[in-house]
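S.K.: using only what follows, build the 3D model:
(one chain, ligands or ions: 1)
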Amino acid sequence: MMEKRQELFTGKAKSIYATDNDDYVIMSFRDDTSAFDGEKIEQLSRKGEVNNKFNAFIMEQLANAGIPTHFKALFNNTESVVKNMQMMPVECVVRNVAAGSLCRRLGVEDGTELTPPIFEFFLKNDELHDPMINEYHIETFGWAKEEDVNKMKELTFKVNVVLTKLFADAGMILVDYKLEFGLFKGEVILGDEFSPDGCRLWDAETRKKLDKDRFRQGLGGVIEAYEEVARRIGVSL
Ligand code: UDP
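M.R.: Numbering: from 1, shown residues only. The predicted structure follows:
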């Protein structure tokens, strides 16, 4: 059993703790829920536990599909043991259906199917409101090496194949999602989390939103929706 030590970082919804093994840290999912780059923050009871178990399930599915991830094991209800990576400060987004910032930016109608799916990079920087960037910014400013950028793109699309099917089989549309990668012993691996906090999921029949847009838009039933998604894909809560 790994021993939990001092807190290393505190993010908006998760905290990272050291362990007695330098190669591993503990990722702790809090109930804090934020939107609009941290402008709206609330505590949603059970969210930490739901997202921790949801993320563990998804990371295991991705690992089974050959995608390298940081996930090692659940530590307790709200915490997981993950590899201690050096994160790259970029967010990788894939969009299968138009929503959110894409619609605001380009005037595309919400719900438009995107074929082929669109890939976008954003800089992870709340003060700058996560601006959209491209490969040239990443290379020139040294946020990641070219080969690692290519790997992130390749893995992000691989995730799309696995997860669009996983959610479709459970009656949902994976509209879009955000991934973050890091380096562990020189290898690009998936980090951060995959949960309804960082993706858009719609019911395939009714198009009901089952993700963090319920929180962003004040629709209510946020955790109930996360739990419904978890139940439908077979996460045991
Ligand atoms: N996303 C995220 N964190 C961010 C920005 C976006 O998890 O800092 C996710 C978001 O939940 C959605 C996808 O990435 O699933 C695309 O988000 P978008 O660019 O449409 O931005 P938003 O409308 O959320 O501001």
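
S.K.: tell me who's in contact with the residue in the chain positioned nearest to the ligand.
M.R.: Closest to the ligand within the chain is residue 100: 2.3 Å, counting by C-beta to the nearest ligand atom. (Glycine included, C-beta is placed from N, CA and C.) By C-beta atoms under 8 Å, 6 or more residues apart in numbering, residue 100 lies in contact with 176, 200, 213.

S.K.: export these as a markdown table, with columns for distance to the ligand.
M.R.: A markdown table is the format used below for the contacts of residue 100 (distance: C-beta to the nearest ligand atom, whole Å):
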| residue | distance to the ligand |
| --- | --- |
| 176 | 4 |
| 200 | 4 |
| 213 | 8 |
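
S.K.: grab the longest strand from this structure for me.
M.R.: What stands out as the longest strand in the chain, according to DSSP state E, is strand 113-123.

S.K.: name the residues of it that are buried.
M.R.: For strand 113-123, the neighbour count (16 or more other C-beta atoms under 10 Å) marks 114, 117-118, 120-123 as buried.

S.K.: in CSV, list the contacts of residue 100 along with pLDDT and neighbour count.
M.R.: Formatted as CSV, these follow (pLDDT from 0 to 100; neighbours: other C-beta atoms under 10 Å):
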residue, pLDDT, neighbour count
176, 99, 25
200, 98, 21
213, 98, 19
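
S.K.: coming back round to it: packing partners for the longest strand of the chain?
M.R.: Other helices and strands packing on strand 113-123, by 3 or more C-beta pairs under 8 Å, 6 or more residues apart in numbering; DSSP states H and E, are strand 90-97, strand 132-133, helix 135-140, helix 146-169.

S.K.: just checking: what are the partner strands of the shortest one?
M.R.: The partner list of strand 132-133 in its sheet, established with DSSP bridges, is strand 113-123 (antiparallel).

S.K.: who's in contact with the nearest residue to residue 163 once chain neighbours are set aside?
M.R.: Nearest residue to residue 163, sequence neighbours excluded (C-beta to C-beta, 6 or more residues apart in numbering): residue 174, at 5.5 Å. Contact partners of residue 174, counting by C-beta under 8 Å, 6+ apart, are 96, 160, 163-164, 167-168, 199-201.

S.K.: cool, residue 234 as well?
M.R.: Taking C-beta under 8 Å, 6+ apart as the contact definition, residue 234 lies against 57, 170.

S.K.: what does residue 228 give?
M.R.: Applying C-beta under 8 Å, 6+ apart, we find residue 228 in contact with residue 210.

S.K.: residue 146 versus residue 153, what's the distance?
M.R.: Taking C-beta to C-beta, to the nearest Å as the measure, residue 153 falls 11 Å from residue 146.

S.K.: between these two, which is the more surrounded one?
M.R.: Neighbour totals were compared for residue 153 and residue 146, and residue 153 leads with 16 against 10 (other C-beta atoms under 10 Å).

S.K.: wait, the more buried one touches residue 92, no?
M.R.: Yes. Under the criterion of C-beta atoms under 8 Å, residue 153 makes contact with residue 92 at 7.0 Å.
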